[in-house]
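*Asks:* Test case, fold it:
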Amino acid sequence: MHTRLRAGLAAAALVLVLLGASIFGTSRVSAAGGKPPGPHRNTLITENYTSYKWWVKQWSNARLMCQLFIDHDGLPIGSEIYKNCGQDVYIQWINTKPCNSFKEDPKACQGDYLQLVQSAPAQRQVSVALPAPLIWLTLNGCTAIDSTNLCASLPTLVLTGVEPLPNEHIIGIAGTMDGAAFSCDATCPLDLSPTDQNGMALQFWAYSSHGDSSVTFDAQVRVVKGEGADSNSWYVDVISSQWKGTPIGACSEIWNAFPPVGGPPAWLTTPKQSGDLSSGIPFVYLAANLISRGMVDVSTCPDAGFSSDGAVSTCGMDASQPSVDEWQNRFDDQILSAASDSGIPAQLLKNIFSRESQFWPGVFADQIEVGLGHLTDNGADTALLWNSSFYQQYCPLVFADSTCQKGYALLTPSQQALLRGALVRSVDASCSNCSQGLDLTQAGFSISVFAEILKANCEQAGTIVHNATGKTPALASTYEDLWRFTLVNYNAGPGCLILAIRQAQSRGSPLDWKHISADLTPPCQGAIDYVNTISQ
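*Replies:* You can find the predicted model right below:
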């Protein structure tokens, strides 16, 4: 194992090992001075590869201009020639035009050409980063209720250090809580105190016997006394990537925003069982699709289920309602699974699909809107630009890793368009060879994609709020209204949200849904009913 240890920290670790003592107490005392060094741990491994020897030569006289070695199949790329051969050779090579007469008279060709000389097995030493220390957060003395925690008394937040390297261990944890420094052992209990609605900030890191530390982790902790029947209890919520309890939700972490004390409203919840998502709405559009595809028996209807104007008739609706009920609940298991994986509230996903497509996952509006959540080209652009983890997972399904590593913003316009098109097609369940013209397996897969798209809209809406106010989203608005802003972003686009926020600010109005909805411009006002329907 090869690493550079900072002398002071390495010496401190050695003293601890030799003396069997700890500089970290079990109570809240001053943290170890200075910022932690962070993880510094690498090892060298031997990697086998094939080395390819190439020559750059002149056509006119076969003069050797440059020799270079590469480690991949195919021709050397331009950057490799530039790096190994210099600017002059690179310019000469890149400007060489194809020559059709080289078989008859190579000297008649102008410029340089590449020649593979040999290939051979080779080995090299590669530096590999080793896993860094971690800290996990848990609560003692509390009961998890939905996305919050109910505690009979002021609880203890427990920080537990984890050292993944064998023969090494965590020698202490340090940090600050609500501005006060603390340090303690590898298992670190911190007694919590009441906070306001926004909670208090916690920063923490772990020191390792390896001579380094973890990165600095962050958390926001809220401790609020209950009311009414819960007046003798405390509600405790934690926002952190290191939290091991029931997560509040992905967008809470993006915005650093807590839901209302006691848990979010019904439309922003995720039930424990998919049956709790069940609905029985008389969807007319869904009924029309089921009837027209022969999936509903309307033989007792004198009008075959449709009135003279083409709408579903009363008889058709009555006949189709059992099928409509079954269909609108057939994706509930996938919705619950996607919510669990992504942190997007399950009821929100169901409400969006209800409003957008009535759970018919085909193509709408002349091929512009696609799938359960009506994905558009602009929506795909938002997903790929604002949800980097999703982009990193999805892009290699379309392009080579080397292309994807550039990031979506640095792809060429044609590559971006191709990737957006592929994403839109991936949520389209239309299938000419399938029963009822739909691939329901594909429709189920698309639900997790729409969850990731919503996460991207959370990120973009939060950034819009932050850029407009200079505050974190949590300090600029409420958890519920940040979700409403996200729905405006999803339905009407970021331009509508930006203009409404600017108008509200010019009036000196607070950034809440009441004022933002009133300041949506006429082309954007369709989002008002959209948001109100989903958030009821």
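
*Asks:* all strands of this structure, in order?
*Replies:* Taking DSSP state E to define them, one finds strands in the chain at 42-58, 64-70, 112-129, 134-145, 148-162, 170-177, 180-184, 187-191, 200-208, 217-225, 234-239, 363-364, 369-370.

*Asks:* Residue 509 is nearest to which of the ones you listed?
*Replies:* strand 217-225 (26.4 Å; C-beta to C-beta). (Each C-beta comes from the backbone N, C-alpha and C, glycine too.)

*Asks:* average model confidence for that closest one?
*Replies:* Average pLDDT, strand 217-225: 96.

*Asks:* got the angle between that strand and strand 187-191?
*Replies:* Here the directions of strand 217-225 and strand 187-191 differ by 40 degrees (axes from the mean of the first three to the mean of the last three C-alpha atoms, to 10 degrees).

*Asks:* okay but residue 476 is in contact with residue 466, surely?
*Replies:* Yes: taking C-beta atoms under 8 Å as the contact criterion, residue 476 and residue 466 are neighbours in contact, 7.3 Å apart.

*Asks:* who wins for proximity to residue 299 among the strands of the chain?
*Replies:* Proximity to residue 299 (C-beta to C-beta) singles out strand 363-364 among the strands of the chain, at 29.1 Å.

*Asks:* other SSEs contacting the closest one?
*Replies:* Packing partners of strand 363-364 (3 or more C-beta pairs under 8 Å, 6 or more residues apart in numbering; DSSP states H and E): strand 369-370.

*Asks:* Tell me which residues touch the residue nearest to residue 286 when sequence neighbours are not counted, please.
*Replies:* Once its chain neighbours are removed from consideration, residue 286 has its nearest residue in residue 358; the separation is 4.2 Å (C-beta to C-beta, 6 or more residues apart in numbering). Contact partners of residue 358, counting by C-beta atoms under 8 Å, 6 or more residues apart in numbering, are 283-286, 328.

*Asks:* Would you map the helices across the stretch 351-500 of the chain?
*Replies:* Under the criterion DSSP state H, counting those that start in this stretch, the stretch 351-500 of the chain carries helices at the ranges 377-386, 388-394, 401-404, 413-426, 440-469, 473-476, 479-491, 494-507.

*Asks:* out of those helices, deepest packed?
*Replies:* The highest mean neighbour count among these, using mean count of other C-beta atoms under 10 Å, belongs to helix 479-491: a mean of 24.

*Asks:* Next, report how far it is displaced from the centre of its chain.
*Replies:* Put simply, helix 479-491 sits 17 Å off its chain's centre (C-alpha atoms, centre = their mean, to the nearest Å).

*Asks:* same check, this time on stretch 73-80
*Replies:* A distance of 34 Å separates the centroid of the chain from that of stretch 73-80, by C-alpha atoms, centre = their mean.

*Asks:* From here on, call the first residue 10.
*Replies:* Yep, numbering from 10; the last one is stretch 82-89 now.

*Asks:* Pick out the shakiest of the helices of the stretch 360-509 of the chain, pLDDT-wise.
*Replies:* Between the helices of the stretch 360-509 of the chain, the lowest average pLDDT goes to helix 410-413, which shows a mean of 92.

*Asks:* just checking, what packs against that helix?
*Replies:* For helix 410-413, where contacts count as 3+ C-beta pairs under 8 Å, 6+ apart, there are no packed helices or strands.

*Asks:* would you put the C-alpha positions of it in CSV?
*Replies:* In CSV, the C-alpha atoms belonging to helix 410-413 read as follows (Å, rounded to 0.1, in the frame of the first residue of the first chain):
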residue,chain,number,x,y,z
ASP,A,410,-18.1,5.4,-22.2
SER,A,411,-15.4,7.7,-23.6
THR,A,412,-18.1,9.8,-25.2
CYS,A,413,-20.3,9.9,-22.1
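
*Asks:* now the helices of the stretch 360-509 of the chain as TSV including distance to residue 313?
*Replies:* Formatted as TSV, these follow (distance: least, C-beta to C-beta, whole Å):
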stretch	distance to residue 313
helix 386-395	36
helix 397-403	43
helix 410-413	51
helix 422-435	34
helix 449-478	26
helix 482-485	52
helix 488-500	35
helix 503-516	42
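
*Asks:* gap between the residue nearest to residue 295 and residue 298?
*Replies:* 8 Å (C-beta to C-beta, to the nearest Å).

*Asks:* ditto for residue 229
*Replies:* Relative to residue 298, and taking C-beta to C-beta, residue 229 is found at 45 Å.

*Asks:* and what of residue 530?
*Replies:* For residue 530, the distance to residue 298 under the criterion C-beta to C-beta works out to 34 Å.

*Asks:* Those two: which is more packed in?
*Replies:* The residue with more neighbours, out of residue 530 and residue 298 and counting by other C-beta atoms under 10 Å, is residue 298; that gives 23 against 12.

*Asks:* Excluding chain neighbours, what is closest to that one?
*Replies:* Once its chain neighbours are removed from consideration, residue 298 has its nearest residue in residue 369; the separation is 5.0 Å (C-beta to C-beta, 6+ apart).

*Asks:* do the same with residue 56
*Replies:* Nearest residue to residue 56 in three dimensions, chain neighbours excluded: residue 135, at 4.8 Å (C-beta to C-beta, 6+ apart).

*Asks:* residue contacts, the one you found?
*Replies:* If you count contacts by C-beta under 8 Å, 6+ apart, residue 135 has them with 53-56.

*Asks:* make it 10 Å
*Replies:* 51-56, 58 (C-beta atoms under 10 Å, 6 or more residues apart in numbering).

*Asks:* need the strands of the chain in CSV with distance to residue 390, can you?
*Replies:* What follows is those, written out as CSV (distance: least, C-beta to C-beta, whole Å):
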stretch, distance to residue 390
strand 51-67, 38
strand 73-79, 35
strand 121-138, 33
strand 143-154, 35
strand 157-171, 35
strand 179-186, 39
strand 189-193, 45
strand 196-200, 43
strand 209-217, 34
strand 226-234, 30
strand 243-248, 28
strand 372-373, 19
strand 378-379, 14
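
*Asks:* Between these, which one is closest to residue 358.
*Replies:* Across those (criterion: C-beta to C-beta), the nearest stretch is strand 378-379, sitting at 16.5 Å.

*Asks:* quick check: domain ranges of this structure?
*Replies:* Structural domains annotated on the chain: 16-49+139-255, 56-133, 289-337, as defined by automatic domain parsing.

*Asks:* can you put these in a markdown table and add distance to residue 400?
*Replies:* Listed next are those as a markdown table, based on distance: least, C-beta to C-beta, whole Å:
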| stretch | distance to residue 400 |
| --- | --- |
| domain 16-49+139-255 | 19 |
| domain 56-133 | 24 |
| domain 289-337 | 31 |
